[in-house]
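Novice: mind looking at a prediction? Sequence and model below.
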Amino acid sequence: MTRLRWFLVFCFFLTGGRSMADAHEDAVASVLNQFHKAAADHDFQKYFGLMTADAVFIGTDATERWDVKAFKDYVKPHFDKGRGWSYTPRTRHISFSRDKSVAWFDEILENAKYGTCRGTGVLVKDGKDWKISQYHLTIPVPNELADTLVKLIQTPKAK
């Protein structure tokens, strides 16, 4: 066997047969898992350290589109009181740009208060690290409930 073949066999066993694509996916998944853990642990520095300086967080309410500063202002009092939030990932799909500098994802999450939720977003490669550039949290609505929910949302509020 040539040296190159031996080297490739060695690399295969060294990585456990995992590809570079798997390594990128693992790295992005790790950032998302750390993000959820930091929220549950109300770890302000860790939570925002995983986001880009120009990140956007989009919440479940139509009014909730926060840049980092606004989101920090919202989060800090909660975390300071020891109140975080816990979303446990159940499934996750991650895709990448051709050059592996941008990743986008969707994940199904479980939360004690809201039940099944969905997170979607974008991460960008920042040197060796992946950072969350956008995170969007939603509460999926079963199709059979959509008409009823839309009517509730559109009902004028009592004055």
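Specialist: Yep, that arrived. Residues are numbered from 1 along each chain as shown.

Novice: distance check, residue 135 against residue 123.
Specialist: 9 Å (C-beta to C-beta, to the nearest Å). Quick note: C-beta positions are derived from backbone N, CA and C, even for glycine.

Novice: more neighbours, the two?
Specialist: Ranked by neighbour count (other C-beta atoms under 10 Å), residue 135 and residue 123 place residue 123 first, with 28 against 22.

Novice: wait, is residue 98 part of a helix?
Specialist: No: checked against DSSP: H, G, I helix; E, B strand; the rest coil, residue 98 lies outside a helix; its state is coil.

Novice: beta-bridge partners for residue 106, please?
Specialist: Beta-bridge pairing of residue 106 under DSSP bridges involves residue 93, residue 120.

Novice: quick one: contacts for it?
Specialist: 92-93, 118-120 (C-beta atoms under 8 Å, 6 or more residues apart in numbering).

Novice: if I look at it, how far off is residue 55?
Specialist: Applying C-beta to C-beta, the value for residue 106 to residue 55 is 17 Å.

Novice: how about residue 79?
Specialist: Residue 79 is 17 Å from residue 55, by C-beta to C-beta.

Novice: could you do residue 44 as well?
Specialist: Look at residue 44 and residue 55: by C-beta to C-beta, they are 14 Å apart.

Novice: got it, and residue 133?
Specialist: From residue 133 to residue 55 the distance is 5 Å (C-beta to C-beta).

Novice: and residue 76, by the same measure?
Specialist: Counting by C-beta to C-beta, the gap from residue 76 to residue 55 is 16 Å.

Novice: which SSE is immediately downstream of the helix or strand of the chain with the lowest mean pLDDT?
Specialist: Least confident helix or strand, the chain: helix 3-14 with a mean of 57, by mean pLDDT, DSSP states H and E. Remark: after helix 3-14, the chain's next helix or strand is helix 20-40, criterion DSSP states H and E.

Novice: now do that following helix: distance to the chain's middle.
Specialist: Relative to the chain's own centre, helix 20-40 is displaced by 8 Å; criterion: C-alpha atoms, centre = their mean, to the nearest Å.
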